[in-house]
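Trainee: missing the sequence, but the structure's below:
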């Protein structure tokens, strides 16, 4: 084969390789991607009004009801590009409850204990041409789910509930507690929005953290790097126990 033909063949091989890489990036990491918005309080039906409740009506034990969810949310960045994508996994295996008491100064919430079943975590974002559910096995391995199948949040501290909740308003709470993931327990603070919705009380919030805090090795996948920061989110439908 002449040098010219060798050169042409080599050039064609390089071009094919480059086209293949470009196609792979376009196929897996194009702009055809989406992620659901963070878990939040249910939007009231237009024209509907919340039913105010007397303070005493909220006192008692409350438990997690159906429709509750927890999620993790991490930013993925495609290697050698500046294209971030929100990777999101959710579980509906949420349980637990709390106690609301009437104190002299108003309502307080205490004995908050919630668990999330990590074995049910499933990716809910979308990436064109890519099966994001393949990520779930990597996440389960990083979390050692076979050994630690649950994440737990516990707060024994009484938290004051703003009076606006009983008049149908959304109120904001800062709830300190202890979060346990992968057998590691750390102090955290949950930022929570709460509203009354008929017979239910709904709470939605976030806990910002990072993988290193809980000794979680970042899941590895080719062409992708993960931000170390993680946002844990949740929405809880609470019904009387």
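Mentor: It's in. The structure displayed is predicted, hence computed values, not measured ones.
Trainee: Any chance you could list what contacts whatever helix or strand residue 71 lives in?
Mentor: Per DSSP states H and E, residue 71 falls inside strand 69-78. With contact meaning CB atoms under 8 Å, 6 or more residues apart in numbering, strand 69-78 is reached by 25, 29, 35, 38-39, 83-92, 94, 116, 121, 124, 139, 151, 223-227, 229-235. Using the backbone N, CA and C atoms, a C-beta is placed for each residue, glycine as well.
Trainee: Put the buried members of the residues you listed into a PyMOL selection.
Mentor: This is the PyMOL syntax for the buried subset of the contacts of strand 69-78, where burial follows 16 or more other CB atoms under 10 Å:
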select buried, resi 25+29+35+38+39+85+86+87+88+89+90+91+94+116+121+124+139+151+224+226+230+231+232+233+234+235
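Trainee: Please, which helix or strand holds residue 138?
Mentor: helix 134-142.
Trainee: List the buried residues of that helix.
Mentor: 135-136, 139-140, 142.
Trainee: and the next helix or strand after that helix, what other elements does it pack with?
Mentor: Going down the chain from helix 134-142, the next helix or strand is strand 150-155, by DSSP H and E. In terms of contacts (3 or more CB pairs under 8 Å, 6 or more residues apart in numbering; DSSP states H and E), strand 150-155 is packed against strand 106-117, strand 171-181.
Trainee: Can you give me the neighbour number for residue 120?
Mentor: The number of residues packed near residue 120 is 17, by other CB atoms under 10 Å.
Trainee: ok, back up a step: what is the nearest of the buried residues of helix 134-142 to residue 172?
Mentor: residue 139 (30.1 Å; CB to CB).
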